[in-house]
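> just coords:
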């Protein structure tokens with residue numbers, strides 16, 4: 001924890017460098033000590049950047065002082081990811097817009113603080129939607145979803161967030177700007193060389209040691225940097241929880257929204273029988289397959 005003098009100096013430096021909101025009051029810090037988890041960590045202060053330049057300026061101030069930075073969206077994480085000491089960057093206040101929506105290409109360009117349902121609302125008039133929709137879709141942000149590779153019940157049909165990311169624009173703690181996309185042509189030379197060296201040194205392990213799971217979430221998806229995966233830097237970054245860089249903009253893929261939906265309720269004698277039946281349902285291409293225990297049916 002920083003001393004009172006260090007905290008005051010940090011707040012002063014941030015206010016001089018950032019055009020957005022800088023809040024170091026007890027109330028502002030208290031409101032950001034927690035997310036949806038049981039974890040509690042008290043930050044030194046909170047910054048709500050107005051744009052990518054503000055993010056870069058805040059990072060520069062914190063980097064010069066060795067202060068930790070935590071990115072925060074809707075605070076819906078249940079493992080403490082949106083809590084941290086040092087400075088919390090709140091992307092929901094200003095960097096919360098759908099910048100562009102292209103129905104022809106089926107893509108949207110968004111800022112990290114935009115709420116999932118706001119993107120889905122913008123896409124709906126075009127018959128489109130954003131596939132991943134966790135249970136917190138009314139309040140979670142795209143930045144947070146990209147940070148932890150969110151899934152949601154409809155990932156059965158449309159995949160995880162990583163499967164729906166086209167490209168990302170990020171800032172590293174060291175101040176490097178990177179445009180992450182398949183191939184990595186716009187990745188800074190030092191970062192691209194490090195990634196390629198990592199893959200070359202651990203080629204066999206990356207090809208055989210990563211679990212074959214359709215809903216592998218969080219952690220480092222280093223296998224996405226393999227040549228057979230198109231060296232997909234955007235997907236490799238997704239799920240890294242802000243530890244590799246802070247997202248300032250993303251282009252995501254939209255999918256056609258079904259014009260009608262139907263619900264089929266199937267009953268089984270026990271949970272084991274239901275679990276064994278699930279693989280047989282997937283070839284029918286349902287939007288989702290959910291289970292409910294018998295003791296919940298009455299409610």
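All right, it came through fine. Worth saying up front: this structure is predicted, and the values here are computed from it rather than measured. Numbers count the residues shown, from 1 in each chain.

> could you check the distance from the most centrally placed residue in the chain over to residue 33?
Centroid-nearest residue in the chain: residue 146, 2.0 Å away (criterion: C-alpha atoms, centre = their mean). Taking C-beta to C-beta, to the nearest Å as the measure, residue 146 and residue 33 are separated by 24 Å. Using the backbone N, CA and C atoms, a C-beta is placed for each residue, glycine as well.

> After the helix or strand hosting the residue nearest to the centre of the chain, heading C-terminal, what element do we hit next?
The secondary structure element spanning residue 146 is helix 142-148 (assigned by DSSP states H and E). For helix 142-148, the succeeding helix or strand toward the C-terminus, using DSSP H and E, is helix 155-158.

> name the helices or strands packed onto the next helix or strand along the chain from that next one?
Moving toward the C-terminus from helix 155-158, the next helix or strand (DSSP H and E) is strand 165-171. When contacts are defined as 3 or more C-beta pairs under 8 Å, 6 or more residues apart in numbering; DSSP states H and E, strand 165-171 sits against helix 52-65, strand 177-180, helix 233-237, strand 246-253.

> Share the number of residues neighbouring the closest residue to residue 190 other than its chain neighbours, please.
Nearest residue to residue 190, sequence neighbours excluded (C-beta to C-beta, 6 or more residues apart in numbering): residue 176, at 7.7 Å. Residues near residue 176, counting by other C-beta atoms under 10 Å, number 14.

> I figured residue 176 hits residue 187, correct?
No. The pair residue 176 and residue 187 does not pass the contact test of C-beta atoms under 8 Å, sitting 9.3 Å apart.

> Enumerate every residue touching residue 128.
Counting by C-beta atoms under 8 Å, 6 or more residues apart in numbering, residue 128 touches 103, 106, 254, 255, 256, 257.

> Return the member of those residues nearest to residue 213.
residue 255 (21.2 Å; C-beta to C-beta).

> phi, psi of that closest one?
According to degrees, to the nearest 10, the main-chain angles of residue 255 amount to phi -120, psi 150.

> Grab the nearest non-local neighbour of it.
Excluding the flanking residues, the one nearest residue 255 by C-beta to C-beta, 6+ apart is residue 131, at 4.8 Å.

> Kindly report the same for residue 199.
Sequence neighbours aside, residue 225 is the residue nearest to residue 199 in space, at 5.0 Å (criterion: C-beta to C-beta, 6+ apart).
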